[in-house]
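1. the following block contains a protein sequence and its predicted model.
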Amino acid sequence: MKIKAAVLNEMSLPAPYVSSKPLKIEEIDLEGPGPGEVLIRVVAAGLCHSDLSVINGDRPRPLPMALGHEASAVVEEVGPFVDDLRPGDPVVSVFVPSCGHCGPCSEGRPALCEPGAAHNGLGDLLTGARRLSRDGKPVNHHLGVSCFAEYAVVSRRSLVPIDKEAPLSIAALMGCAVLTGAGAVFNGGDVRPGGSVAVVGLGGVGLAALLGAVAAGAETIVAVDRLDSKLDAASALGATLVFRADDPDVVAKVKEATRGGVESALEFAGAAKALELAYSITRRGGVTVSAGLPHPDATFALHPVSLVAEERTLKGSYLGSGVPSRDIPRFLALNRRGKLPVEKLLTHRMPLEAINEGFDRLADGTAIRQIVEF
Ligand SMILES: NC(=O)c1ccc[n+]([C@@H]2O[C@H](COP(=O)([O-])OP(=O)(O)OC[C@H]3O[C@@H](n4cnc5c(N)ncnc54)[C@H](O)[C@@H]3O)[C@@H](O)[C@H]2O)c1
Ligand SMILES: [Zn+2]
Ligand SMILES: [Zn+2]
């Protein structure tokens, strides 16, 4: 079938994107679902910095590529051997497909699925297929999803079915921002009721983590960003202390305000400087979690002795370090009860044609989470 999709043909075009138009809205071909695959009709697709990092060249991917990896959708048709989904079922996409039987999958860590990572790098589906093409030549899939499009064919293992009552515009955010941000808090952040936590980098992912920290009952919630507008948003969502990342005294100020630093500091900025800051404001015995995705060449220095003599932990978190098929329904249930109000992160809704303007807002920080609605 013919579908309308946002295709990236060239990386690193200059901003503003409203003029350079890195994403072209094109009519391309989508084949039907093969074995283990599902045709979905996309309802809402969120704009994430990980898409922007492909656009600006920070995370190079094979081109041309149909972007988008955070979506809610409705099943249209299932391929052979898909026996647990039916047309009409609502689903959320997950940006790492999990094969279910590699080493990490067997250990209950689907975010680290080895074939999933390999196929995401290649730009095809977990089944090895490319179902998108243009003039007879393949177009790559983004993280197995490619949801800036009216329809997508994805592996069954890139989907989590959700409750029929769930609001689909909010459900889209579950696929990346909430899964990653709240997941990092609940699955690896050691955030406890009454505890102290810092969130560095307050975009859609960081603010979803902040909401997670509120839901987890943290008492002291420190929010850090370079933009005052993000600090204001964080205060409105439950941060108890806010600091500018570019304040030369920020580390000393956070340490003073938290009596030596926070128990858990989580970084969602995608910048080595921000990770350095998160590490510096973590207290003795605390944990620093990095979930931002900086340019692959970025490095940061730390004094190894601090890890030892202060019994510090530094770890990464991908896809929220959890199990999406368990966590997405749980986060939706928390949302339904008003305990994870992620709808407050949704600042803009737009048609596919306005997507380049949306990426300008993401790049300059005037938006938090935005969705394309179909
Ligand atoms: N680990 C994962 O599985 C995963 C999943 C999704 C996104 N990500 C990554 O998480 C990061 C955040 O994504 P997003 O969509 O929320 O992005 P975003 O652009 O909406 O937010 C990033 C925020 O970080 C702030 N920031 C930038 N540099 C900073 C610094 N030095 N100190 C403090 N704040 C700084 C920005 O002002 C902005 O508010 C990106 O790097 C993205 O690629 C990771
Ligand atoms: Zn994302
Ligand atoms: Zn696997």
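-> That came in fine, so what should we check first? Ligands and ions are numbered 1, 2, ... in the order given.
2. what about the strands in the stretch 201-350 of the chain?
-> With strands called from DSSP state E, counting those that start in this stretch, the stretch 201-350 of the chain shows them at 220-225, 241-244, 262-267, 282-290, 313-316, 346-350.
3. most tightly surrounded among those?
-> Per residue and on average, the most neighbours among the strands of the stretch 201-350 of the chain fall to strand 262-267, with a mean of 28 (mean count of other CB atoms under 10 Å). Placement of C-beta: from N, CA and C, glycine included.
4. and that one, which strands flank it?
-> strand 196-200 (parallel), strand 282-290 (parallel) (DSSP bridges).
5. for Gly183, which of these is the nearest?
-> Shortest distance between Gly183 and the strands paired with strand 262-267, using CB to CB, is found for strand 282-290: 10.5 Å.
6. and the contacts of stretch 4-11?
-> By CB atoms under 8 Å, 6 or more residues apart in numbering, the residues outside stretch 4-11 that reach it are 22-28, 54-57, 60, 63-68, 132, 134, 139, 146, 148-150, 352, 355.
7. show the buried residues in those.
-> 22-23, 25-26, 28, 54-56, 64-68, 132, 134, 139, 146, 148-149, 352, 355 (16 or more other CB atoms under 10 Å).
8. what ranges do the strands span in the stretch 1-150 of the chain?
-> Using DSSP E, counting those that start in this stretch, strands in the stretch 1-150 of the chain cover 2-8, 23-30, 37-46, 65-66, 71-78, 90-93, 132-134, 137-141.
9. in CSV, list those along with distance to ligand 3.
-> Shown next, in CSV, are the strands of the stretch 1-150 of the chain (distance: least, CB to the ion, whole Å):
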stretch, distance to ligand 3
strand 2-8, 27
strand 23-30, 26
strand 37-46, 17
strand 65-66, 23
strand 71-78, 21
strand 90-93, 17
strand 132-134, 23
strand 137-141, 18
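10. closest one to ligand 1 among these?
-> For ligand 1, the closest of these is strand 37-46, at 8.5 Å, according to CB to the nearest ligand atom.
11. by proximity to ligand 2, which residue of the stretch 51-200 of the chain wins?
-> Cys176 (3.3 Å; CB to the ion).
12. got the buried residues for stretch 185-192?
-> Val185, Phe186, Asn187, Gly188, Gly189, Val191.
13. contacts for it?
-> Taking CB under 8 Å, 6+ apart as the rule, stretch 185-192 contacts 197, 209, 212-213, 216-218, 263-264, 266, 286-287, 289, 315, 317, 320-322, 327.
14. if we can go back for a sec, I'd like the strands paired with strand 262-267 as JSON lines, with distance to Ala301 and mean pLDDT appended.
-> Listed next are the strands paired with strand 262-267 as JSON lines, based on distance: least, CB to CB, whole Å; pLDDT from 0 to 100:
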{"stretch": "strand 196-200", "distance to Ala301": "17", "mean pLDDT": "98"}
{"stretch": "strand 282-290", "distance to Ala301": "14", "mean pLDDT": "98"}
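15. can I get those strands in CSV with distance to Gln370?
-> Below are those laid out as CSV (distance: least, CB to CB, whole Å):
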stretch, distance to Gln370
strand 196-200, 20
strand 282-290, 24
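16. any idea which of these gets closest to Asp124?
-> That would be strand 282-290 among those, by CB to CB, at 28.0 Å.
17. got the CA positions of the closest one in CSV?
-> Output of strand 282-290 as CSV, limited to C-alpha atoms (Å, rounded to 0.1, in the frame of the first residue of the first chain):
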residue,chain,number,x,y,z
THR,A,282,25.4,12.2,44.0
ARG,A,283,26.1,11.6,47.7
ARG,A,284,28.5,9.1,49.2
GLY,A,285,27.0,5.6,48.8
GLY,A,286,24.6,6.9,46.1
VAL,A,287,23.8,5.9,42.6
THR,A,288,24.1,7.9,39.4
VAL,A,289,22.1,6.8,36.4
SER,A,290,22.8,7.9,32.9
